[in-house]
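J.: Sequence first, predicted coordinates after that:
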Amino acid sequence: MFSEFALHHAWLIPLLPAIAFLFVGLGVRKCWRLSAAVAITMSTASFALALGIAQAVLNLNITVETPFVQRISWMSIPGLHIDMGVLIDPLTAMMLFVVTLVSLLVQIYSVGYMHGDNGFGRFFAYLSLFAASMLGLVIAVNFVQLFVFWELVGLCSYLLIGYYFHKISAREAAKKAFITTRVGDFGLLLGILLLQITFGTLDFVSLREMLPGYIAVYGTAFLTVVALLLFVGPIGKSGQFPLHVWLPDAMEGPTPVSALIHAATMVVAGVYLIARAYFLFSQLPFVMDVIAWLGAFTAFFAASIAFTQREIKRILAYSTVSQLGYMMLALGVGSLTASMFHLMTHAFFKALLFLGAGAVMHALHDEADIFKMGGLRKKLPVTFATMTIGVLAISGLPPFAGFFSKDEILAAAAAVSTPLYLLATLTAFMTAFYMFRLLFVTFFGEARNEHTPHEAPFSMKLPLIVLAALAVVSGLFGHLFGFGDWVRFGSPHHGGIDYTIAGTSIILSLLAMYLAWNIYVAKRWSADAISEKFGCLYDWSFHKYYIDEFYAIFTKYFVDGIGKILYLIDIYIVDGIVNALARFTGMFSNLLSRGQTGQVQQYAAVFFCGVIALLAFSLFYAYKMLALMRAGGAF
């Protein structure tokens, strides 16, 4: 049976795109048709295996408590044994389905989007490596394996964000992403090392079994420190405040890269790590509160910035930061199911929105400012229809996918904390407003671009249509067919609709749509007048609260200042001590060298003087001994 074959050969899922990377990158990258064919074929095979694993999880009753695990020894030294392997449970199966499907659709889309690009083969090689890295992370059986692929994901993001390396902005954005996420990765690495020192293993299953006994004996104080260090990694990778600054700048890469990073790979890796290690985080109330409140604040903070942005991909980038905050909020209030449900639905409608934005920019010769677009709904009917579905989904209107997953998060937050629920609800209203603002300004009104737009080719439209269908049905299917019965922590979660919460969020989303329509289409209220009325608040939002400027100042005066101090210490203290020792050695050597004249007569005289001195000392010593013996003493 194919499902059992897929289950026992799950390691092929990341291996196949990795083979595509090697084959394309080292062999056929000059032939663009063959490069795309190889990458897409391997991704299709990985997607088929992911479907087989999903079927095996359902048929063989593989659950969170009874996962399917394969291990082989990777490294074994006294005191340290590390395996590599595969861990399959419903969470893994869901992630494999999402990552392989979105990666496949992005690659199909890229055939049309990147057509004619000089680095076409190189681009598909990078995409394949990106998919392989994320898939290897998903099936990881321990923290070491996860960390290896975690770093590979970071490398791929650097390569793809800086794909247009001839552009200074792209190079700087790639470095910014790489360095910012390294800050988080340092905390993650420290947490992993402390786990190894404490438990002697990094295997997920073993840690889950050992943790209750450890807490019963030693309590949770030390584990709280460890968990906070582990959480620093997802803060960087998943763009949580204050390490969110790299994510909007990642728009410098080609649009398919943005879709892949924001929907199914880089940014969801942090959310997945917390979900995979939820057996640890869920035991630590303080850490859960930190995750919940930081997630809620990040969601609100990013939404307030997206309110005023003008570039279409930058608006979507801040939207991603906000939605990731929602996922963290759900994890923090104890609902792994709601977080993972939203991760799945968000992957579909966010990939749809980014690819739709790419189709718009493709039609307008890379124009990114939404206020230089307008009037595109009749000229780009497929793009307009699919992006409208994406906007409705992210705005949480029924029956679209975001309605079911977002309302589960709101219900979970309401059950734990009223302030968290209110903050999340306000964020939902803001999300609906800025997304309808994007839709209305881009597709309605009069055309404000000199270029004649054209609809995208079929290779770009097909992924849009598939993702639009998923943005419609995935939430309803997950709700009706028991997503919470499988992807969960603890007892099965039978999520019902809280009609008070759902009704409130629907009303607020419709109100946001009404306000956006009247401001940007009907123009009953002037957007300029509103921005002037808010004054400095608008400026702060538009300039992203000057956080990038703060980091620049911090780097210039603090980091560079410390660097200069350390430089002076190195030059005048460290090097000074070494140089002083060298000078002293030189002076002593010079002094000794004065006695080396090369004259045999002088050497003979010194030798003769030495012999006389030794003879004199010997006679004196013998005299003393004789004197003592005469006095009756002993020596």
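T.: That came through, no problem. Numbers count the residues shown, from 1 in each chain.
J.: Only C-alpha atoms from now on, for both contacts and neighbour counts.
T.: Noted.
J.: so who does A45 touch?
T.: 13, 16 (Cα atoms under 8 Å, 6 or more residues apart in numbering).
J.: where does the stretch 51-200 of the chain dip in pLDDT?
T.: Within the stretch 51-200 of the chain, not a single segment meets pLDDT under 70.
J.: residue closest to the middle of this protein?
T.: K237 (2.3 Å; Cα atoms, centre = their mean).
J.: measure that residue to R182 for me?
T.: Plainly put, K237 is 9 Å away from R182 if you go by Cα to Cα, to the nearest Å.
J.: next one: A45
T.: On the measure of Cα to Cα, A45 and R182 end up 33 Å apart.
J.: One more: L343?
T.: For L343 relative to R182 (Cα to Cα), the value is 23 Å.
J.: Tell me which of those two has more neighbours.
T.: L343 (26 against 17; other Cα atoms under 10 Å).
J.: Surely that one touches V267?
T.: No: with contact defined as Cα atoms under 8 Å, L343 does not count as touching V267 (10.4 Å).
J.: mean confidence score for the helix or strand that L229 is a member of?
T.: Assigned by DSSP states H and E, L229 belongs to helix 221-237. Mean pLDDT, computed over helix 221-237, is 95.
J.: Just the CA coordinates for that helix, please, in PDB.
T.: Provided in PDB are the C-alpha atoms of helix 221-237 (Å, rounded to 0.1, in the frame of the first residue of the first chain):
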ATOM      1  CA  ALA A 221      12.600  27.500  37.700                       C
ATOM      2  CA  PHE A 222      15.600  26.300  35.700                       C
ATOM      3  CA  LEU A 223      13.300  25.000  32.900                       C
ATOM      4  CA  THR A 224      11.700  28.500  32.700                       C
ATOM      5  CA  VAL A 225      15.100  29.900  31.800                       C
ATOM      6  CA  VAL A 226      15.700  27.100  29.200                       C
ATOM      7  CA  ALA A 227      12.300  27.600  27.600                       C
ATOM      8  CA  LEU A 228      12.800  31.400  27.400                       C
ATOM      9  CA  LEU A 229      16.100  30.800  25.600                       C
ATOM     10  CA  LEU A 230      14.500  28.400  23.200                       C
ATOM     11  CA  PHE A 231      11.800  31.000  22.600                       C
ATOM     12  CA  VAL A 232      14.300  33.600  21.500                       C
ATOM     13  CA  GLY A 233      14.800  31.400  18.300                       C
ATOM     14  CA  PRO A 234      11.200  31.700  17.200                       C
ATOM     15  CA  ILE A 235      11.200  35.400  18.100                       C
ATOM     16  CA  GLY A 236      13.800  35.900  15.400                       C
ATOM     17  CA  LYS A 237      12.600  33.300  12.900                       C
END
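J.: Let me see the residues that make contact with that helix.
T.: So helix 221-237 is contacted by 180-192, 194-195, 240-244, 266-271, 273-274, 280-281, 284, 286-287 (Cα under 8 Å, 6+ apart).
J.: The helix or strand following that helix packs against which elements?
T.: The element immediately downstream of helix 221-237 (helix or strand, assigned by DSSP H and E) is helix 246-249. Helices and strands touching helix 246-249, by 3 or more Cα pairs under 8 Å, 6 or more residues apart in numbering; DSSP states H and E, are helix 168-199, helix 312-332.
J.: Mind listing what's buried along stretch 441-455?
T.: Within stretch 441-455, the residues that qualify as buried are 441-445, 447, 449, 453, 455, counting by 16 or more other Cα atoms under 10 Å.
J.: what residues does stretch 150-158 touch?
T.: So stretch 150-158 is contacted by 126, 129-130, 133-134, 137, 174-175, 177-178, 181, 261, 265-266, 269 (Cα under 8 Å, 6+ apart).
J.: Neighbour-wise, which one of those residues leads?
T.: F130 (31 neighbours).
J.: what helix or strand does that one sit in?
T.: Per DSSP H and E: helix 120-138 holds F130.
J.: Perfect, I'm done here.
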